[in-house]
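Trainee: Everything below, folded, please.
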Amino acid sequence: MTPEEVEARIESALEECEATVEPARGAHEDDHLEATVVSPAFEGESLVDQHEAVYDALGEAMTTDIHALELTTRTPSGRSA
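Mentor: Predicted structure coming up:
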């Protein structure tokens with residue numbers, strides 16, 4: 001799964017979401033990614049709940065196509081939790 005496909009999947013699942021996904025720095029394999037996800041849907045949610053929302057958006061790809069995902073989430077106002 002390409003970083004662009006991961007971005008599209010996240011953005012289609014989360015309200016007014018902007019996702020940036022890139023290969024993880026220093027990764028030797030294409031299935032190690034880092035993502036920054038910004039969405040108003042995260043407002044008032046714990047960091048764990050924010051991350052779960054992203055994992056839910058990715059569904060089965062988290063166990064089949066993506067080996068590791070370094071994830072940063074926040075609201076548009078910059079709050080992470």
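Trainee: If you count neighbours, what's buried in the least confident helix or strand in the chain by mean pLDDT?
Mentor: Lowest by mean pLDDT, DSSP states H and E among the helices and strands of the chain is helix 61-64, with a mean of 91. By 16 or more other C-beta atoms under 10 Å, the buried positions in helix 61-64 come out as A61. Where you see a C-beta, it was placed from the backbone N, CA and C, and this is true even at glycine.
Trainee: Mind checking what helix or strand follows that helix in sequence?
Mentor: As assigned by DSSP states H and E, the chain's next helix or strand after helix 61-64 is strand 68-74.
Trainee: Show me what that following strand is in contact with.
Mentor: Strand 68-74 has contacts (C-beta atoms under 8 Å, 6 or more residues apart in numbering) with 24, 27, 31-39, 42, 47, 50-51, 53-54, 58, 62, 80-81.
Trainee: Among those, which lie within strands?
Mentor: H32, L33, E34, A35, T36, V37, V38 (DSSP state E).
Trainee: Across the sheet, point out what pairs with the second one.
Mentor: Partner residues in beta bridges with L33: P23, L69, with DSSP bridges as the criterion.
Trainee: And it, how far from S12?
Mentor: Distance from L33 to S12, counting by C-beta to C-beta, to the nearest Å: 17 Å.
Trainee: for the fourth one, same thing?
Mentor: Between A35 and S12 the distance, using C-beta to C-beta, works out to 14 Å.
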